[in-house]
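Undergrad: only geometry, no sequence info:
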Ligand SMILES: O=S(=O)(c1ccc(O)cc1O)N1Cc2ccccc2C1
C-alpha cells in the first residue's frame, strides 16, 4: 500500500529539490508583514517550505551510511518522508534526535575524519535550514495567524527597532540568575555602547530579538562559567567586559572574559558537533546549569550567520576569551543564508578522505576545508 505513496513522495522530493530556495532579507520580511496578505503568504509558504525541506532532504540520503543506520536519524528522515506537507509541527525535537544519532554513531564504531567533516558540513546546513523554515512558519502564524506578537511594534518575530542594549541586559541578568544559583556568586558586567552612526543615540537595529537573545545568553553562560572556574568563587571574579558598536555596515558585539581561555585545538572542538555532543545531563538540578547538549556554540553561530552575520571566538590560553558577534546594521543587506542542494554539496558530502595538502593540519581552518568560505 505504501508503494505508490512513497513513490509520489520521492517524485515530490525530486520535483521540489530542483528549485533553489528563495532567500528573503529581513527588510522583505518586514515589508511583507506590513503590507502582505494571508493568501499570498500561504501561496509562497506552500511552495517555499517544500523547496527548503526537499533541498536538505536530498542531502540526508548522502550522509555516511553509518549515521543513517542509527535508529534516531532514521526517525528524522522517516518523519520527513511520510508527510512532507505537515511534518513541521512534529519537528520540535529534531535537534535532540540528531544529537542522539551522533552519540549512537560515536559509541558504535566512531567516525573517520572524512565522515566527521561531512557531518559537520551537513549539520550546519541542516540546522540553518531548520532555523529558516521555523522563521517562515512563525512569521506566517504571528502576522496572519492567531499567535500573538511580543509587542505591538513587532512584525511577526521581527522587531523593527530592536534595542540591542536591552537584549544584552536581559541575557546577562538571566545568565547571572543561573550562575548565582549554582556558584552563589557571579562576575559583574562592564558594558560600553558606541553608536558611531547616530552619535549618542540608543543602538537600534531591525532584528529577531529571540535570535540575538539566544546567542548572548549562551555566550554569557560560557563567560561566567569560565571566569568562576578559573578564578574560584572566593575572591572577587574579574568583570566580563562587553562592547556594542554600531557601524555603518556592521553591528558588532564583543564579550571579553578572563576565564583562562583555551588552546586553538580545544577551541576548534567547541564548534564541532561530533566532539561537543554530550549526553543530556540529568535535569535533577545538581549539574552545572550552564551545560546543555553542548550545541550552544554551533547553533549560536548559525543564528548569527542566518541573516549574514557571524560569530568568532578569539582565545588566549591561560588568560581568557573574546566572543565576537557581527550582525548586519542595514536590513536590506541582512538576507537569509540558505543551503542549496547542488552537485557541489553532493560532491562535498560524498567525497572520500582527502589526500593531505598540509604536513600539519592548521587548527580552525580544517584541512581541505569543506566549505571554501570557512
Ligand atoms: O573556551 S572558553 O575559553 C570560552 C568559550 C566560549 C565563550 O563564549 C567563552 C569562553 O570563555 N572557556 C569555556 C569554559 C567553560 C568552563 C571552564 C572553562 C572555560 C573556558
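TA: Arrived safely. Values in this document were obtained by computation on a predicted structure and should not be read as measured data.
Undergrad: which residues does residue 339 contact?
TA: Each residue near residue 339 by CB atoms under 8 Å, 6 or more residues apart in numbering is listed here: 21, 55-56, 59, 125-126, 128-129, 345. The C-beta positions use only the backbone N, C-alpha and C, and glycine is treated the same way.
Undergrad: mind listing which of the residues you listed are in strands?
TA: Among the contacts of residue 339, none falls in strands (DSSP state E).
Undergrad: distance to the ligand for these - can I get that in TSV?
TA: What follows is the contacts of residue 339, written out as TSV (distance: CB to the nearest ligand atom, whole Å):
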residue	distance to the ligand
21	30
55	31
56	28
59	29
125	23
126	23
128	20
129	25
345	29
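Undergrad: ends of stretch 308-328, what's the gap?
TA: One end of stretch 308-328 to the other measures 7 Å (CA to CA, to the nearest Å).
Undergrad: show me what contacts residue 17?
TA: For residue 17, counting by CB under 8 Å, 6+ apart, the contacting residues are 51, 54-55, 57-58, 341.
Undergrad: list buried residues within the contacts of residue 339.
TA: With burial judged by 16 or more other CB atoms under 10 Å, the buried subset of these is 21, 55-56, 59, 125-126, 128-129, 345.
Undergrad: all the helices of this structure, in order from the start?
TA: With DSSP state H as the criterion, the chain has helices at 2-16, 26-35, 38-60, 65-69, 71-82, 94-109, 113-144, 164-183, 209-231, 264-270, 273-276, 296-306, 343-350.
Undergrad: and these, which one is worst for confidence?
TA: Lowest mean pLDDT within the helices of the chain: helix 71-82, at a mean of 56.
Undergrad: tell me the one of the contacts of residue 339 nearest residue 172?
TA: Using CB to CB, residue 128 comes nearest to residue 172 of the contacts of residue 339, at 26.2 Å.
Undergrad: is it true that the closest one touches residue 337?
TA: Yes. At 6.5 Å, residue 128 counts as touching residue 337 under the criterion of CB atoms under 8 Å.
Undergrad: get me the contact residues on this protein for the ligand.
TA: 219, 222-223, 225-226, 229, 257, 259-262, 270, 313, 315, 321, 323 (CB under 6 Å from any ligand atom).
Undergrad: buried members of these into ChimeraX, please.
TA: Buried members of the residues of the chain next to the ligand, identified by 16+ other CB under 10 Å, are gathered into one ChimeraX selection as follows:
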select :219,222,223,225,226,257,259,260,261,262,270,313,315,321,323
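Undergrad: per-residue pLDDT, the closest residue to residue 301 other than its chain neighbours?
TA: In space, and not counting its chain neighbours, residue 301 is closest to residue 311: 4.2 Å by CB to CB, 6 or more residues apart in numbering. pLDDT, residue 311: 98.
Undergrad: wait, residue 311 touches residue 304, no?
TA: Yes. Using CB under 8 Å, residue 311 makes contact with residue 304 at a distance of 4.1 Å.
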